[in-house]
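Trainee: no sequence on hand, only this structure:
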C-alpha cells in the first residue's frame, strides 16, 4: 500500500456501503460487480451474496445476446485452433 492509498474498508464498512438501493441496482443490472468493487471499495463478493439474500433479491443475469468475456475467449480459441489445423492440413506430407 503506498502512502497515499486509503486503508481497505473493514467488513462492516463494506456491508454498510451495500445499501438496499445499491443491491437493487445490482440485481436489476444497472450496477456491475466491478463498479461496486471500484467505486464503493467492496472487495468481498460474498458480501454481495449476503446482501442480496437479506433484500430477497437474485443475482443479475447477463442478457443472452450480450457476448461475455468467456464466450469471446472461447470464440478466439476455436478460431485459432481452426487456423492451426488448416495450416497443418495445407503442408505437404514429407517423403521418407
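Mentor: Cool, got the structure. This one's a predicted model, so the numbers in the text were calculated from it and none came from an experiment.

Trainee: so where do the strands sit in the chain?
Mentor: Assigned by DSSP state E, the strands in the chain number zero.

Trainee: residue boundaries of the helices in it?
Mentor: Applying DSSP state H to the chain gives helices spanning 11-17, 20-27, 33-40, 45-55, 69-90.

Trainee: so what's the gap between the fourth one and the chain middle?
Mentor: In terms of Cα atoms, centre = their mean, to the nearest Å, the centre of helix 45-55 is set 16 Å apart from its chain centre.

Trainee: likewise for stretch 34-44?
Mentor: 12 Å.

Trainee: what pLDDT does the closest residue to residue 14 other than its chain neighbours get?
Mentor: Spatial nearest neighbour of residue 14, excluding adjacent residues (Cβ to Cβ, 6 or more residues apart in numbering): residue 42 at 4.6 Å. For every residue, glycine as well, the C-beta is placed using N, CA and C. pLDDT, residue 42: 94.

Trainee: which positions within stretch 11-29 qualify as buried?
Mentor: By 16 or more other Cβ atoms under 10 Å, the buried positions in stretch 11-29 come out as 14, 15, 17, 18, 22, 23, 25, 26, 27.

Trainee: least reliable of the helices of the chain going by mean pLDDT?
Mentor: It's helix 69-90: among these, that one has the lowest mean pLDDT, namely a mean of 76.

Trainee: tell me the one among the buried residues of stretch 11-29 nearest to residue 70.
Mentor: Using Cβ to Cβ, residue 26 comes nearest to residue 70 of the buried residues of stretch 11-29, at 20.1 Å.

Trainee: any idea how far the residue nearest to residue 14 is from residue 28?
Mentor: 18 Å (Cβ to Cβ, to the nearest Å).

Trainee: got it, and residue 19?
Mentor: Residue 19 sits 14 Å away from residue 28, going by Cβ to Cβ.
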